[in-house]
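Q: got a structure for you, letters missing:
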């Protein structure tokens with residue numbers, strides 16, 4: 001099964017890891033395509049300092065290899081640069097897209113645009129946020145603000 005996911009992944013926190021583990025589970029030994037936000041697109045939308053694309057993409061691949069066993073025989077992983085909200089999802093076929101709650105509307109738009117192009121819709125699998133110790137979602141923004149660490153432990 002070919003499964004897609006996208007994000008900035010900076011820093012790679014436990015919420016991202018939950019999302020990536022779901023992608024691995026759904027791939028059933030097939031292919032995983034991880035869209036990682038390009039440096040240009042991230043700067044245009046996030047307005048914060050990020051690790052370079054190559055470092056973020058390598059970190060995602062390393063997590064999938066070391067924590068999920070991706071590589072060698074079985075599941076194949078490909079990282080692609082996201083230069084917009086849709087990446088390759090408009091033109092490539094996937095069995096499903098794994099998304100977080102804040103990207104649900106984007107996934108719906110992907111399927112609407114696919115339909116306009118005469119392509120079949122992609123199944124959307126929403127993974128709920130992982131909560132930090134204070135019950136609020138773990139997020140890169142909160143980590144960068146120094147509120148929590150990448151595991152959701154409170155720092156203040």
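A: Nice, I can see it. Quantities reported herein were computed from a predicted structural model and do not represent experimental measurements. Numbers count the residues shown, from 1 in each chain.
Q: tell me which strands and helices whichever helix or strand residue 25 is part of is in contact with?
A: In the assignment (DSSP states H and E), residue 25 maps to helix 14-27. Applying 3 or more CB pairs under 8 Å, 6 or more residues apart in numbering; DSSP states H and E, we find helix 14-27 packed against strand 2-7, strand 31-37, helix 53-68, strand 96-99. C-betas here are computed from N, CA, C, even on glycine.
Q: how about a cut-off of 10 Å?
A: Judged by 3 or more CB pairs under 10 Å, 6 or more residues apart in numbering; DSSP states H and E, helix 14-27 is in contact with strand 2-7, strand 31-37, helix 53-68, strand 76-82, strand 96-99, strand 123-126, helix 140-144.
Q: wait, which of the ones you listed is closest to residue 45?
A: When those are compared by CB to CB, strand 31-37 sits nearest residue 45, at 7.8 Å.
Q: Partner strands of that closest one, with direction?
A: For strand 31-37, the paired strands and their directions (DSSP bridges) read strand 2-7 (parallel), strand 76-82 (parallel).
Q: which parts of that strand are buried?
A: Of the residues in strand 31-37, 32, 33, 34, 35, 36, 37 count as buried by neighbour count, 16 or more other CB atoms under 10 Å.
Q: shouldn't the third one be in contact with residue 89?
A: No. Between residue 34 and residue 89 there is no contact, the gap being 11.9 Å when judged by CB atoms under 10 Å.
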